[in-house]
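> My questions are about this predicted structure, shown below with the sequence.
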Amino acid sequence: MRIGLENLFGRQAFDHDYLGFNTVRSGYTPSSHSAQTSAQLSSTSPSAISAQFRPLLLDIASGNGANAGGGSSNGAVGNTVAAASMFSPSMSSSDLLDKYYYLSEHFHPLEGGSHEHESKPGADLFADFSEARSAPSIASGSTAAASGANPIAADIVSSTDGDIAVEGEVDFISIDVVAGQTYMISLYGAGDNPLPDTFLALLDNEGILVNSDDDGGAGVNSLLTFTAEYTGQYTIGVAGFANPGQTATGNYTVDVVQQAATDEVPDTFDGAVTISTDGITYGFIDSGTGPVAGFGEIDTYTFEAQAGQIYSFELTGGADYNTSYLNVPAGELDTIITIYDADGNVVASNDDINFPNDISSRASFLAQEGGTYYIDVVAYGGQTGGYSITAQQTALADLDPLDSLNWVNAENITPNEDGVVYVYFGDSDENFNQTGDDGGPMVTIDWNDYEVDQVMSALGEYENILGYEYRITEDADEATFRLLKTESAEYGAYFFPQDPAYGDAQGVGVFNVLSGGWNLPGQEALQQGGYAFAVVLHEFGHAHGVAHPHDTGGGSDVMVGVTGPSGSYGIFDLNQGVYTVMSYNDAFDTGPNGPSPFTLDGIGHGWSGTLSAFDIAVLQERYGIINPHATGDDVYVLEDENVEGTYYETIWDTGGNDTIKYSGQRNAQIDLLAATIDYTPTGGGVVSYVDGVFGGITIARGVEIENAEGGSGNDTLLGNGLNNELYGNGGDDVLIGRGGSDLLDGGRGTDIASYIQSETGVTASLLNGTNSEGDTYRSIEGLQGSQFNDVLVGDNNSNILDGLGGDDVIITGQGDNIVYGGAGNDLIEARNGDDTIDGGDGDDVINGNGGDDIISGGAGDDTIEGGAGADTLDGGEGNDRLDGGQGRDILTGGNGNDILFGRAGDDQLFGGAGNDELRGNAGNDYLYGGAGSNTLFGGNGDDVFAFNGDDVGNGFNLVRDYEAGDTVELFNTVDADVVFEQVGDSTLLSVDGNFVALFENTDANDIVWSTVAPAG
């Protein structure tokens, strides 16, 4: 079983209880570390370096940067110094913290309720290996002790042996790879003195973590698979660890397997067997053909997937399957299952369903695309035997994310008849049979009053949900929770749930003051919103029967799309702290502000300060309790600064008329939707947040918040299905009421009432101050429609009207308006103002009426009338009809076969591409047909017919009414042979022998022409 365990260096560097790596993070503030470390390391013995290494890591993890280096590169000293020298003077804390990782603890119940636990330093050990890469090399394919960066060939089978001679030592081994090839790397203890437990990391030639593994192989062995992105060297990092009472030293072997170049996925599969979801598929593992020591043969299956469906595969070995072939005891075939897409990308992998004692495997994934997928099955330890694969196809809507958080094997805590749950804080002379760093009894220390207060404050969050009273007792025997505090070099924090497998240890929680910033000056991390406070919330989640979303400990499922403990956010990014405090992706990593800044100054804010929506929901379902809480008219405030007390919270509120409010000058988004607790983007809630502030608010399932109030920035306020009141206050705000009859009050600034999320068309009028759904407008200057057929009406001010999708009718008032028709066949009627109108896609009808308008038809066959005023009309794509109306207008047909009417006024007409018809009508007009076969009518007035030498060969122009007073202008015809030739009653214009235009009923001698620059 897996229990919560906080590592010595804090969850931000080595999280609660998982053995593994985190993904790259960014956004941290660099700072420098003491400059004395390099000199110290270069003259220090291996054992002393090992002793110094852990506090150095703690310093690094706390955000102080680093400066270390020097020392020999040979032997044990070289290995340890090489590992420590990753903290070079040139590296910022940002570079280091971008590579922090998470650890976990394994728990194996023993007789009498005691347990083993192991705690492993995180992969900061492998954060950079510039010194290691300069270590001596060995010939490709040879075998040697790994005392530096020793390349081994990536042949079909390559192997190297090494040893960890000093605890804390790290070996680096380089491998030569070929771009596009897939490699499997296994690490396991070997020889007479095997390394008791292993940890494996893979880094590229820039020191960036590519992949890592702790227990992906048999038992505690390590295994990973990767595809090389380039030809050259990668580096393997090897570390050893041990349970209390053991020594983390010993021999190991690293095996590298290069898959055949012709394989589409890492195996020699033939696709002969196809798995279906209709039954059970049986197979057999024969270790005799295994390519790597410790591995059996790899069986590969194919299956056909449908896009958008969830597929789960459970792999079980035992005597009930293919018994005629079975050579191992029933149920002892230890397997791993890996799933690939058609391009060979790993989409899911699993070793143990119920880590760490279960040897069956289960993997699930969401098929992003339909088609063929591949499953690899392999056994470890040279085993042979039969197995079965059971496949299941499930629609995403049929899955429950709470199944990934429910610790099935744990019982609920039970209060006494008065609803009281007692909590006991152990003294320094108590350890409840917990084991210390040296394998002996754990050394504990007393709790201080502040720590007790903060732990009880965290339990208050559970009290809000369950209604239990958590009360301190001086009698350990009557306590449900027995808490210990320790100073450990190995352990972080962990909590045993009410699982009978843990015997007398049930309800015991251990917290380490050296982890999670617990003992920072002022104990900021224990403030609500601080890192250590979030750790306490997390561990009490285990105590109440809540599991991790990223593993199957306690019989839970893995959240859909999650492939690892950290850096894997799952479908819709639901696996992070803002949605569940049980996640190792703390706070709101994927939010608009990025991960919370992890620095010494920032550790007191930016984390989860309450239970999140998924946590609340799983507790309510487990315990069958909906506890009344916050029944008055409450105001929930979004913080304006990154200071202590800023955190992510989830509202559990069961009554009153409530408001989420922001009062600052930044831009905020407030969303009143409650969590839907499903696999959708709103499953864990919708985060209300402020730009640049690492805190926010979500709303638990079933909670109704009625109102939102913005600040003086440009805010977005979103309602729900209730009759909401949304107040934008200052700034240019967007108010989205959603369902219900809402009051939308924009306040100061240019504010928009939006129906972008409406599922039907709307009729909204700023002139009347209402819409068809019962909304009321105050201080609203703009309307945004839906994706359907809307009617939007402006008032007599300057409005912004946006139709979005659908066939919309948009009518402006008398002001200077900005109008967007959006997609669809829109009708836009402007009034007497200087309007800017974009019809968007579709066949639009646009009338500018009075004013100097700028109108673009966009794509589609548009009809545009400028009306009175000096208008600028552009037809855009499609076959358009443009009518300038009164005034001096500029008309551009754009692409397509267009008809342009200048009407009264001195107009400029540009046909653009296509076969266009240009009519200047009254006034002294300028007509240029552009490319294509065009027909030009000047009309009354002294008109100019313009032709471009670059258009020669791209069509022909017909001038129907050249008259006295008209002129011909030619541009881009320098040094060209221009000829006006009489042809009957007409004149033919040619340029360099190419026909350009025919002037009907015109004598060549009457044409006045010149070579000039084009108008416009």
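Now that the structure is in, tell me what you want to look at. The structure presented is a predicted model; accordingly, all values stated were derived computationally and were not measured.

> quick one, helices of the stretch 351-500 of the chain?
449-466 (DSSP state H, counting those that start in this stretch).

> can you check the chain too?
Per DSSP state H, the chain carries helices over the ranges 11-14, 37-42, 46-61, 75-84, 93-97, 449-466, 531-543, 613-623.

> Now the longest one: buried residues?
Same thing as helix 449-466. Glu451, Gln454, Val455, Met456, Ala458, Leu459, Glu461, Tyr462, Glu463, Asn464, Ile465, Leu466 (16 or more other C-beta atoms under 10 Å). (Each C-beta comes from the backbone N, C-alpha and C, glycine too.)

> how about those residues in CSV, adding pLDDT and distance to Asn948?
Shown next, in CSV, are those (pLDDT from 0 to 100; distance: C-beta to C-beta, whole Å):
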residue, pLDDT, distance to Asn948
Glu451, 94, 82
Gln454, 96, 78
Val455, 97, 81
Met456, 98, 83
Ala458, 98, 76
Leu459, 99, 80
Glu461, 99, 74
Tyr462, 99, 78
Glu463, 98, 80
Asn464, 98, 75
Ile465, 99, 75
Leu466, 98, 80
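
> what residue ranges in the stretch 51-200 of the chain are flagged as low confidence?
Along the stretch 51-200 of the chain, the parts satisfying pLDDT under 70 run over 51-158.

> List the contacts of Ala753.
Counting by C-beta atoms under 8 Å, 6 or more residues apart in numbering, Ala753 touches 735-737, 744, 746, 764, 771, 775, 777, 780, 782-784.

> try 10 Å this time
Neighbour list for Ala753: 726, 728, 733-737, 742, 744-746, 762, 764, 766, 771, 775-778, 780-784, 792 [criterion: C-beta atoms under 10 Å, 6 or more residues apart in numbering].

> bridging residues for it?
Leu735, Leu783 (DSSP bridges).

> Which segments of this protein make up each domain?
In terms of domains, the chain is parsed into 29-97, 128-258, 280-404, 803-1011 (source: automatic domain parsing).

> Do a quick rundown of the strands in the stretch 501-650 of the chain.
508-512, 635-637, 648-651 (DSSP state E, counting those that start in this stretch).

> Keeping just the C-alphas, turn the longest one into PDB.
Extracted as PDB, the C-alpha positions of strand 508-512 are listed here (Å, rounded to 0.1, in the frame of the first residue of the first chain):
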ATOM      1  CA  VAL A 508      -0.700   7.700  13.300                       C
ATOM      2  CA  GLY A 509       0.700  10.700  11.500                       C
ATOM      3  CA  VAL A 510       4.300  11.900  11.400                       C
ATOM      4  CA  PHE A 511       5.400  15.400  10.500                       C
ATOM      5  CA  ASN A 512       9.000  16.400   9.900                       C
END
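
> Which elements pack onto that strand?
With contacts taken as 3 or more C-beta pairs under 10 Å, 6 or more residues apart in numbering; DSSP states H and E, strand 508-512 sits against strand 4-5, helix 449-466, strand 481-486, strand 494-495, helix 531-543.

> any chance of these in CSV, plus distance to Ala410?
Listed next are the helices and strands packed on strand 508-512 as CSV, based on distance: least, C-beta to C-beta, whole Å:
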stretch, distance to Ala410
strand 4-5, 12
helix 449-466, 15
strand 481-486, 14
strand 494-495, 11
helix 531-543, 8
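
> Pull out the buried residues from the contacts of Ala753.
Among the contacts of Ala753, those classed as buried by neighbour count (16+ other C-beta under 10 Å) are 726, 728, 733-737, 742, 744-746, 762, 764, 766, 771, 775-777, 780-784, 792.

> if you skip the residues just before and after it, what's nearest to the residue nearest the centre of the chain?
Geometric centre of the chain, nearest residue: Thr590, 4.4 Å, by C-alpha atoms, centre = their mean. The shortest distance from Thr590 to any non-neighbouring residue, by C-beta to C-beta, 6 or more residues apart in numbering, is to Asp573 (4.5 Å).

> I figured Ile670 was touching Ser663, is that so?
No: at 11.8 Å, Ile670 does not count as touching Ser663 under the criterion of C-beta atoms under 10 Å.

> So for these two, which sits in the more crowded spot?
Shown here are Ile670 and Ser663; by other C-beta atoms under 10 Å, Ile670 has more neighbours (29 against 14).

> any idea how far Asn464 is from the more buried one?
Separation of Ile670 from Asn464 (C-beta to C-beta, to the nearest Å) stands at 22 Å.

> With Leu483 instead?
With C-beta to C-beta as the criterion, Leu483 and Asn464 are 20 Å apart.

> Likewise for Thr160?
56 Å.

> and of the helices and strands packed on strand 508-512, who's closest to Leu514?
Judged by C-beta to C-beta, the one of the helices and strands packed on strand 508-512 that comes nearest to Leu514 is strand 481-486, at 8.6 Å.

> Direction included, what does the closest one pair up with?
Note on strand 481-486: by DSSP bridges, its sheet partners are strand 420-425 (parallel), strand 444-445 (antiparallel), strand 508-512 (parallel).

> which one of the ones you listed is the most hemmed in?
Highest mean neighbour count among the strands paired with strand 481-486 (mean count of other C-beta atoms under 10 Å): strand 508-512, with a mean of 26.

> show me the contacts for the residue nearest to Glu649 when sequence neighbours are not counted.
In space, not counting the residues next to it along the chain, Glu649 is nearest to Thr610; the distance is 4.3 Å by C-beta to C-beta, 6+ apart. Counting by C-beta under 10 Å, 6+ apart, Thr610 touches 458, 460-461, 464-465, 528-529, 533-534, 537, 581, 616, 647-652, 697-698, 700.
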